[in-house]
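K.L.:
Dropping the sequence and predicted coords here.
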Amino acid sequence: DAGVTQSPTHLIKTRGQQVTLRCSPKSGHDTVSWYQQALGQGPQFIFQYYEEEERQRGNFPDRFSGHQFPNYSSELNVNALLLGDSALYLCASSRRDRPSYGYTFGSGTRLTVV
Amino acid sequence: KNEVEQSPQNLTAQEGEFITINCSYSVGISALHWLQQHPGGGIVSLFMLSSGKKKHGRLIATINIQEKHSSLHITASHPRDSAVYICAVRSEVGSQGNLIFGKGTKLSVKP
């Protein structure tokens, strides 16, 4: 049973560019949450998707947007990249009807903005 | 002040030592998670607690809801336990609430 798959694993972009990160949730999970982890810090919540809609959002600007597809996979898009967007982006999946089952995390996408 | 505080930030131990990592939080929670993150970045869920104590192998996690405090213990530590250990809480506001993370404790176990 595959866990959470994220792609790509590493990415280098230039300031001002746009980037799309992808996440496939664990089989049986229907909810996807995205987190940003700066170096030496704990992850920060970006947003959560369920039933193809953004359900909750953290304190991130509108440059950060997302999408969830009918197969529950999700994308995170970041426009007008800034140097400060360099971080590890983590995806976590869960079952909305079984919060006691917890979360499964992906290995992350390391984004470097130069 | 962060809503989730961990201590210590860094911890170096000799192989075989008993290790304790602490987590204090200031919000109402529906669950607390202990997570392990290796240098590559991937996060593994170790425990999810809402009360009491859980044990898995050499790892033990406890939580005191009244004191808003949790501890992660590692018995007979081994160099392969070297990793960053992160405490995260799920707020009471909606059972699907997002996780609030501590900054992590970097553990290094020397042979």
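P.N.:
It's in. Numbers count the residues shown, from 1 in each chain, chains lettered A, B, ... in the order given.
K.L.:
And the pLDDT at residue B:72?
P.N.:
What the model reports for residue B:72 is a pLDDT of 98.
K.L.:
same deal with residue B:111?
P.N.:
96.
K.L.:
Report the contact partners of it.
P.N.:
Shown here is residue B:111, whose contacts under the criterion Cβ atoms under 8 Å, 6 or more residues apart in numbering or on different chains are B:15, B:79. Using the backbone N, CA and C atoms, a C-beta is placed for each residue, glycine as well.
K.L.:
any idea how far it is from chain A?
P.N.:
26 Å (Cβ to the nearest Cβ, to the nearest Å).
K.L.:
Now do the phi/psi pair for residue B:13.
P.N.:
The phi/psi pair for residue B:13 (degrees, to the nearest 10) reads phi -130, psi 160.
K.L.:
what's the neighbour count on residue 3?
P.N.:
No chain was given, so I picked chain A. When neighbours are defined as other Cβ atoms under 10 Å in any protein chain shown, residue A:3 has 16 of them.
K.L.:
Oops, wrong one, chain B.
P.N.:
The number of residues packed near residue B:3 is 14, by other Cβ under 10 Å.
K.L.:
can you pull the contacts of it?
P.N.:
Residues B:25-27, B:89, B:100 are the ones in contact with residue B:3 under the rule Cβ under 8 Å, 6+ apart.
K.L.:
how does it look with 7 Å?
P.N.:
For residue B:3, the residues meeting the contact criterion (Cβ atoms under 7 Å, 6 or more residues apart in numbering or on different chains) are B:25-27, B:100.
K.L.:
Give the ChimeraX command for selecting the buried subset of these.
P.N.:
Selection command for ChimeraX covering only the buried members of the contacts of residue B:3, criterion 16 or more other Cβ atoms under 10 Å in any protein chain shown:
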select /B:25,100
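K.L.:
Residue B:11: which element?
P.N.:
Under DSSP states H and E, the secondary-structure element containing residue B:11 is strand B:10-14.
K.L.:
Going along the chain from that strand, find the next helix or strand for me.
P.N.:
strand B:19-25.
K.L.:
Pairing partners for the helix or strand just after that next one, with directions?
P.N.:
Under the assignment DSSP H and E, the closest C-terminal helix or strand after strand B:19-25 is strand B:29-37. Paired neighbours of strand B:29-37 in the sheet (DSSP bridges): strand B:43-49 (antiparallel), strand B:83-91 (antiparallel).
K.L.:
Just put these in a markdown table and tack on mean neighbour count and mean pLDDT.
P.N.:
A markdown table is the format used below for the strands paired with strand B:29-37 (neighbours: other Cβ atoms under 10 Å in any protein chain shown; pLDDT from 0 to 100):
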| stretch | mean neighbour count | mean pLDDT |
| --- | --- | --- |
| strand B:43-49 | 19 | 93 |
| strand B:83-91 | 23 | 93 |
